[in-house]
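**Q** here is the input, now give the coordinates:
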Amino acid sequence: MTEKIKEQILNIRATEKTNMFDVTMVQYLANGYGYYELVVYLEEHRSEYVHFILTGEA
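**A** Coordinates of the predicted model:
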């Protein structure tokens, strides 16, 4: 996980618009904010994303 991806995840979380485990909604919001790297990352690395959400470890 790159720093850019981590920053984008934290930015989505800060909006408080979705539960971060609702990956589909996270992708929808990321697309709306222009975080296309995050949209692709969630498709390819979902388990790593969930691990980050649960533990804060990349």
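
**Q** how about the spatially most central residue of the chain, secondary structure?
**A** What sits nearest the mean C-alpha location of the chain, by C-alpha atoms, centre = their mean, is residue 9, with 3.8 Å. Using DSSP: H, G, I helix; E, B strand; the rest coil, the structure places residue 9 in helix.

**Q** ok, residue 1 - contacts?
**A** Residue 1 makes contact with 41, 45, 48, 49, 52, 58, according to C-beta atoms under 8 Å, 6 or more residues apart in numbering. For glycine as for every other residue, the C-beta is placed from the backbone atoms N, C-alpha and C.

**Q** and which of the residues you listed is nearest residue 3?
**A** Of all the contacts of residue 1, residue 58 has the smallest distance to residue 3: 8.8 Å, by C-beta to C-beta.

**Q** relative to residue 52, how far out is the closest one?
**A** Separation of residue 58 from residue 52 (C-beta to C-beta, to the nearest Å) stands at 6 Å.

**Q** quick one: contacts for residue 51?
**A** Residue 51 is in contact with residue 57, counting by C-beta under 8 Å, 6+ apart.

**Q** can you list the weak-confidence ranges in this structure?
**A** For the chain, not a single residue meets the criterion pLDDT under 70.

**Q** quick one, helices of it?
**A** Secondary structure of the chain (DSSP state H): helices located at 3-15, 23-32, 36-44, 46-55.

**Q** returning to what we had before: among the contacts of residue 1, name the buried ones.
**A** Buried members of the contacts of residue 1, scored by 16 or more other C-beta atoms under 10 Å, are 41, 49, 52.

**Q** is the second one in contact with residue 39, as I believe?
**A** No. Using C-beta atoms under 8 Å, residue 49 makes no contact with residue 39, being 11.5 Å away.
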